[in-house]
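Asker: sequence plus predicted model, see below.
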Amino acid sequence: MTTESLPVLAILGGTGDLGTGLARRWAQAGYRVIIGSRTQEKAEQAASDLRQVMAARGATVNVESMENLAAAEAADIVAITVPFSHQKSTLELVAPALQGKILIDVTVPLVPPRVARVQLPPEGSAGQIAQDLLGEGVDVVSAFQNVAAAHLQDEGAVDCDVLVCGNKKEARAAVITLVEAAGLRGFHAGMIANAAAAEALTSVLITINKQYSCHAGIRISGLDSHG
């Protein structure tokens, strides 16, 4: 696939370590990436910092900045990496711009201060909240909840697998392509209801990280190959 035929990607709330980590990896893979934020200034600062970091490594990346709504409008596939407390308000803002598109929901329903305790919402998962709010016109795909932002900021492949949940297999497949472009392995993990499992695992991994001073992830075993 040529660079010209690759989908344009937007990352809403993409100014943190997770968002900029995904932005860097996708931009290095040849995608045009838009970092979105609630303010243009914050988005531009994140994009500028990322361009400078990559320039210092001898690389030029196609990273732009926009407010969240403009970013959602300009993209073919949109990811959201905001805290759970901002998920609903962000999606309500951009909902019209997401119709007919794939939304990659990276939200984890962490409830501070007890983020190491599994606390799933009444709807079952943040992914289910997004699908219910946006309706059937948007293909919500849940992914990347179990990947430490620190790993995405590093160079090279990441020793972590990604569970990809969504109601349409074609949409999951498109996101798995992006998972692999980011240097990870992605696996079809069922309907959006199954996002509850990946989201709950994040609190388990936080507990492990605290106990063992690491950035733990998950690996799917028992497979000689995957597709």
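Answerer: Received it, and whenever you're ready, just let me know what you need. Numbers count the residues shown, from 1 in each chain.

Asker: tell me where this structure has helices.
Answerer: 17-28, 40-56, 68-74, 84-98, 126-134, 149-153, 169-181, 195-212 (DSSP state H).

Asker: next, format those helices as CSV and append mean neighbour count.
Answerer: The way it works is simple: take the backbone N, C-alpha and C, and place the C-beta from them, glycine included. Converted to CSV, the helices of the chain look like this (neighbours: other CB atoms under 10 Å):
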stretch, mean neighbour count
helix 17-28, 23
helix 40-56, 16
helix 68-74, 21
helix 84-98, 17
helix 126-134, 23
helix 149-153, 16
helix 169-181, 19
helix 195-212, 18
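
Asker: can you lay out the ones you listed as TSV showing distance to residue 160 and mean pLDDT?
Answerer: Formatted as TSV, the helices of the chain follow (distance: least, CB to CB, whole Å; pLDDT from 0 to 100):
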stretch	distance to residue 160	mean pLDDT
helix 17-28	12	96
helix 40-56	21	94
helix 68-74	26	98
helix 84-98	21	98
helix 126-134	19	98
helix 149-153	6	93
helix 169-181	10	98
helix 195-212	10	98
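
Asker: which of these sits closest to residue 161?
Answerer: Nearest of the helices of the chain to residue 161, taken as CB to CB: helix 169-181 at 8.8 Å.

Asker: quick check: residue 71 vs residue 181, distance?
Answerer: Distance of residue 71 to residue 181, given as CB to CB, to the nearest Å: 19 Å.

Asker: contacting residues for residue 214?
Answerer: residue 208 (CB atoms under 8 Å, 6 or more residues apart in numbering).

Asker: ditto for residue 141
Answerer: Here residue 141 is in contact with 102, 103, 104, 105, 164, 165, 166, 171, 172, 174, 175, 192 (criterion: CB under 8 Å, 6+ apart).

Asker: count the residues that sit near the residue nearest to it when sequence neighbours are not counted.
Answerer: Spatially, and ignoring its direct neighbours in sequence, residue 141 is nearest to residue 166 (3.7 Å; CB to CB, 6 or more residues apart in numbering). For residue 166, the neighbour count with other CB atoms under 10 Å is 29.

Asker: residue 166 reaches residue 138, doesn't it?
Answerer: No. Applying CB atoms under 8 Å, one finds residue 166 not in contact with residue 138, separated by 10.5 Å.

Asker: so which residue is dead centre in this protein?
Answerer: For the chain, the residue sitting closest to the mean C-alpha position, by CA atoms, centre = their mean, is residue 106 at 4.3 Å.

Asker: so it makes contact with residue 14?
Answerer: No. Contact between residue 106 and residue 14 fails when scored by CB under 8 Å: they sit 10.0 Å apart.
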